[in-house]
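**Q** Make a model of this:
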Amino acid sequence: MPSAATSLTAAVVGAGTGGMLSANALLASPRFDLVGIADTSRGALERLSPEEFRGVPKFDSYQEMFAAVRPDVVCVSTYAPTHLEIAKAGMDLPVRADSFTISAVAS
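**A** Residues are numbered from 1 along each chain as shown. Predicted coordinates:
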């Protein structure tokens, strides 16, 4: 677990191949605390490794996730046509102004 002084909270939208690349990188980094993964596919969420993603909340939509957690970093790993909508919603979150980042990955 990252130290509170240096860590940023992060969330991933999309639990497919691209989303799992982002989520695994965030989990492996001491700089980030993964606070949520969202996907509209229940099957994609159920395929997440219980051991690897133990304790990481899973959500059926990015709206549900953004209502529950306030990440500093949002990785958008969904189909390109959905990036703008999700990015706009992420930018409306009340987060630390010096740390909010959106990373969009084409899936």
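**Q** CA atoms for contacts and neighbours, from now on please.
**A** Noted.
**Q** burial count for Tyr79?
**A** Other residues within reach of Tyr79, judged by other Cα atoms under 10 Å, total 13.
**Q** Now do the same for it: its pLDDT.
**A** We have a pLDDT of 82 for Tyr79.
**Q** what's the spacing between Thr82 and Lys88?
**A** 10 Å (Cα to Cα, to the nearest Å).
**Q** mind listing the strands for the protein?
**A** For the chain, applying DSSP state E gives strands covering 8-13, 32-38, 58-59, 73-76, 101-104.
**Q** Adjacent strands (with direction) for the longest one?
**A** Looking at strand 32-38 with DSSP bridges, its partner strands are strand 8-13 (parallel), strand 58-59 (parallel).
**Q** Contacts made by it with the rest, please.
**A** Contact partners of strand 32-38, identified using Cα atoms under 8 Å, 6 or more residues apart in numbering, comprise 1-2, 7-15, 23, 26-27, 45, 56-62, 65, 69, 71.
**Q** rerun that using 6 Å as the cut-off
**A** The contact list for strand 32-38 (Cα atoms under 6 Å, 6 or more residues apart in numbering) reads 7-14, 26, 56-62.
**Q** Which pair in these has the greatest spatial separation?
**A** Ser7 and Asp60 (25.5 Å; Cα to Cα).
**Q** circling back to that earlier point, Glu52 is nearest to which of the strands of the chain?
**A** strand 32-38 (11.5 Å).
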